[in-house]
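A.B. asks: sequence and predicted structure are below.
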Amino acid sequence: MNFPELERITIDPRVMGGKPCIRGIRITVGTITGLLACGESVDSVLELYPSLEREDIYAALAYATWRAEEYDLVLKAS
């Protein structure tokens, strides 16, 4: 499966403490998904953050969904 929209997600320890951000700007995936979870519309998020593009919001949702499907495995030392 290919997710080209995930190329919009950047992780840099020097930006927002390494949290996943949109295109290196200081808007995190968590900010976007949190606003949507609270009932904000895509259009209202775009109004709140004029530097965002609609594709950025979809990328944030795709990234959050992908991360939600991951899980940690406990490995035993042999």
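C.D. replies: That came in fine, so what should we check first?

A.B. asks: burial measure for the residue nearest to I11 when sequence neighbours are not counted, as a count.
C.D. replies: Leaving aside its sequence neighbours, I11 sits nearest to P20 (C-beta to C-beta, 6 or more residues apart in numbering; 5.4 Å). No exception for glycine: its C-beta is placed from N, CA and C like everyone else's. Residues lying near P20 (other C-beta atoms under 10 Å) number 20.

A.B. asks: dump the residue contacts of P20.
C.D. replies: I9, T10, I11, T28, V29, G30, Y63 (C-beta atoms under 8 Å, 6 or more residues apart in numbering).

A.B. asks: same question for E55.
C.D. replies: E5, R8.

A.B. asks: and it, how far from K76?
C.D. replies: Remark: distance between E55 and K76 (C-beta to C-beta, to the nearest Å) = 43 Å.

A.B. asks: D56 now?
C.D. replies: With C-beta to C-beta as the criterion, D56 and K76 are 41 Å apart.

A.B. asks: neighbour count: these two, which is higher?
C.D. replies: Remark: of D56 and K76, D56 carries more neighbours, 23 against 4, as counted by other C-beta under 10 Å.

A.B. asks: can you point me to the longest helix in the protein?
C.D. replies: If you go by DSSP state H, the chain has its longest helix at helix 54-68.

A.B. asks: what segments of the chain are strands?
C.D. replies: Remark: strands assigned in the chain by DSSP state E are 9-10, 21-22.

A.B. asks: okay then, goodbye and thanks.
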